[in-house]
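Colleague: Here's a sequence, model it:
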Amino acid sequence: MTEETRNYIKNVLTQKSEPEDDSAFLSVWRDILSGDEDHAELLNEYLINSRPVDFKEPSEVSICLYDSFAGTIPVIEIGNDDDFELFITNVANKGIWNDNVKKQGASFLAGKTNRFIVLSKKPYSNVEASWMGIPKKEWRERSMILRREHEYTHYYTRRFYGSARNNLHDELMADFFGIYAAFGYYRAEWFDHFMGLDGREGGRISLYTQELSDGSRDEVMRIGRICSAFLEKWSEGEEFKNMTVPERTDYLCSIGIDGMICGNQP
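Modeller: Numbers count the residues shown, from 1 in each chain. The predicted structure follows:
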């Protein structure tokens, strides 16, 4: 293993701490949602009043305060793909279009005084429903659930461990909990395909290894396959079934990639 790879997989999620108080920004959201105003209109009024979106399907826009395992967080769900892309462009990119938004299916936006998650129903990781073996409508619904739990995991590590990175360790955990929530079980081959660890063109692994040399990237891809196999095996055991979601998350944070590799040894 190269030193570059060793540095990349180094575990930074080792020190858990008490999260900051979130009551102030949540009270603002509760006030916003206290009436019966259309949720698409609420977004334009409170989040993007300088760059409002002319939603094609405003009825497919919803805002909820979800009590996730990471804590309560505002979640915006946008069912129309064009509406999602324009909203992300206006709220996150200050109205400047970037073609990368076409590849994006979710966003966790956080500042000093506000934070929220935005979700679409785009097929997860641009994987077609036919590959998953389920109808398109069902895959879009499951993709939103998968993304929601994925983002909750990032929110959890950010709140309790002070870190949420574009890194294999973070993505292994986030996709694990997303897949498990969406289907009730985890399959390593799905993660490998979502990330492109199986050789699929357009997989997400390139986003998380773009600073690495070709040799180190190949090592990280091999390590990713080992870790996803560990997660599938672990998810089928009694230890896993007796844990709460926060306990499962803390466990994966503590063992890191090295622990997943060792746990998959015969």
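Colleague: Please count neighbours and contacts with C-alpha atoms only from this point.
Modeller: Noted.
Colleague: quick check: domain ranges of the protein?
Modeller: 21-122, 138-266 (automatic domain parsing).
Colleague: Strands along this structure, start to end?
Modeller: In the chain, the segments counted as strands under DSSP state E are 61-68, 71-78, 106-110, 115-120.
Colleague: Which strands or helices does the helix or strand bottoming out on mean pLDDT in the chain pack on?
Modeller: Every helix and strand in the chain was compared by mean pLDDT, DSSP states H and E; the lowest is strand 106-110, with a mean of 87. Here strand 106-110 touches strand 115-120, helix 136-161, going by 3 or more CA pairs under 8 Å, 6 or more residues apart in numbering; DSSP states H and E.
Colleague: could you dump these to CSV with mean neighbour count, distance to residue 181 and mean pLDDT?
Modeller: Shown next, in CSV, are the helices and strands packed on strand 106-110 (neighbours: other CA atoms under 10 Å; distance: least, CA to CA, whole Å; pLDDT from 0 to 100):
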stretch, mean neighbour count, distance to residue 181, mean pLDDT
strand 115-120, 22, 15, 92
helix 136-161, 21, 7, 95
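Colleague: Which one of these lies nearest to residue 127?
Modeller: Distance to residue 127, taken as CA to CA, is lowest for helix 136-161 among the helices and strands packed on strand 106-110, at 9.5 Å.
Colleague: From the contact counts, what lies against the closest one?
Modeller: Counting contacts by 3+ CA pairs under 8 Å, 6+ apart, helix 136-161 packs against strand 106-110, strand 115-120, helix 129-132, helix 168-183.
Colleague: could the ones you listed be laid out in CSV, adding distance to residue 74?
Modeller: Formatted as CSV, the helices and strands packed on helix 136-161 follow (distance: least, CA to CA, whole Å):
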stretch, distance to residue 74
strand 106-110, 10
strand 115-120, 5
helix 129-132, 28
helix 168-183, 18
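Colleague: out of these, which comes closest to residue 234?
Modeller: Checking the helices and strands packed on helix 136-161 against residue 234 by CA to CA gives helix 168-183 as the closest, at 11.0 Å.
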